[in-house]
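In: Next input, structure requested:
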Amino acid sequence: DTVLVLVGVRTYPSTYHAMSIANEDLRALQAYVKAADATQYDGLATDTILLDLTHSNLRQRHAEIRFDLHDTLGTLRQRIHQKSGTPPQFQRLLFLRGNTVDGGVLYDVPPEADDGRMLGYYGPANGTTVHCVDVDPHSGSRGGRYEDTSLVEKYRMTDEEYDRRRGTLRDWGRRQKEADPTFNLAKHAREHRELMDVTRQVKLGYPLPEGYEMDSGGKVKRVEKENEVNGSGGSAASASAAAAGVSSAAGAMAEENGPQTVEGVAVGNRCEIQPGGRRGTVSFVGEVPEIGGGGHWVGITFDEPVGKTDGTVQGGKKRYFDAGGPNMGGFTRGKNVKVGDYPERDIMDELDSDSEDEL
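Out: This is a model prediction of the structure:
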């Protein structure tokens, strides 16, 4: 018998070819990744074939699944069953000319076809796509039920159930309240924020404000006055004194980062940021009260996604500039910024973005 062998050629969407990459380094990286495309199958045995498997009800694509040309159609159906859940008797198989059905069909194999026929009969080439059309009217994969998580009923917990749980934030707050009737989460959050501010100031060489001391481990801790602990009065005065100490140190820190630290830095300047030698463009200069610590900040739009924000603060509630995407921006102190002729860096450069003076 004469066997007609048709060779499937792997193609790509037109948008792939039309895609323009402006960054020279990215173009070089793309060329490196694609350099061996023409010879990627040269090391395979003569009878080995790599097929891509797709499914009519699923978005998933199983790339380069290994077969032998002497494997039967039944073997192919079993592999598809394992990966998609569609039983062999409901598989209509299309050997495609390209990546999608729109590119044309080489062979249309119905479910009742002889499963003993070898794959070599269909003449597939490496990279040929075999598309499975699920003809089961009651298929479990229909309507996205295997992939669309929005169709999954989510677990909802009532307030009563949450109240009965142990180890939750609400349970922790309740136990703190039992130990100290004056406790509330807002007060705890404020005191924690003040403690972090003092810790930062100490690291910068400022003296400890009143109401704080160093413990044996070298960490800053808040000193509770006796009348604060037993509630016998005077807590407001002590809290006021501690707050005044924090405010005083914060004022000194704001002066340290005053307008003189950002002199010569203007929006639009190219710059380099330390640590790490990251480069970008100045997009904002000024005070950012929401960050804390006072003083002036410089907002940077980085050349690569090596920042910690998109130009917003407080989780996106307030925007100071548009960095163009997540992790493309950051706020840093003027002392970390050098403006000048700083072109884009090689994207392969190693970067170190660990700095307490940057948000």
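
In: Can you give me the neighbour number for the residue lying closest to K335 once chain neighbours are set aside?
Out: Distances taken as C-beta to C-beta, 6 or more residues apart in numbering put T261 closest to K335, at 5.8 Å, once the chain neighbours are dropped. Backbone N, C-alpha and C define where each C-beta goes, glycine included. T261 is flanked by 17 other residues according to other C-beta atoms under 10 Å.

In: How confident was the prediction at T261?
Out: For T261, the pLDDT comes out at 90.

In: and it, how far is that from T182?
Out: Using C-beta to C-beta, to the nearest Å, T261 is found at 40 Å from T182.

In: for R77, same thing?
Out: According to C-beta to C-beta, R77 stands 71 Å off from T182.

In: for the stretch 151-300 of the chain, which spans come out with low pLDDT?
Out: Within the stretch 151-300 of the chain, the ranges that satisfy pLDDT under 70 run 225-255.

In: thought D108 was touching V101?
Out: No. D108 is beyond contact range of V101, at 10.5 Å (criterion: C-beta atoms under 8 Å).

In: more neighbours, the two?
Out: V101 (15 against 11).

In: Phi, psi for that one please.
Out: Here is the backbone geometry of V101 (degrees, to the nearest 10): phi -60, psi -30.

In: Which one of R77 and T182 is surrounded by more residues?
Out: Set R77 next to T182 and count neighbours by other C-beta under 10 Å: R77 wins out with 22 against 9.

In: tell me the SS of the more buried one?
Out: Secondary structure, DSSP: H, G, I helix; E, B strand; the rest coil: R77 is helix.

In: Next, the contact list for it, please.
Out: The contact partners of R77, by C-beta atoms under 8 Å, 6 or more residues apart in numbering, come to 88, 91, 93, 115.

In: what is in contact with D108 and V101 at once?
Out: Joint contacts of D108 and V101 (C-beta under 8 Å, 6+ apart) are L94.

In: ok, and the closest non-adjacent residue to E191?
Out: Nearest to E191 is R222, by C-beta to C-beta, 6+ apart, at 6.4 Å.

In: hmm, back to that, filter the contacts of R77 down to the buried ones.
Out: By neighbour count, with 16 or more other C-beta atoms under 10 Å, those hold 91, 93, 115 as buried.

In: Could you tell me which of these are located in strands?
Out: Within the buried ones among the contacts of R77, residues falling in strands by DSSP state E are 91, 93.

In: Now do the strands in the stretch 101-250 of the chain.
Out: With DSSP state E, counting those that start in this stretch, the ranges of strands along the stretch 101-250 of the chain come out as 105-109, 129-134, 212-214, 220-222.
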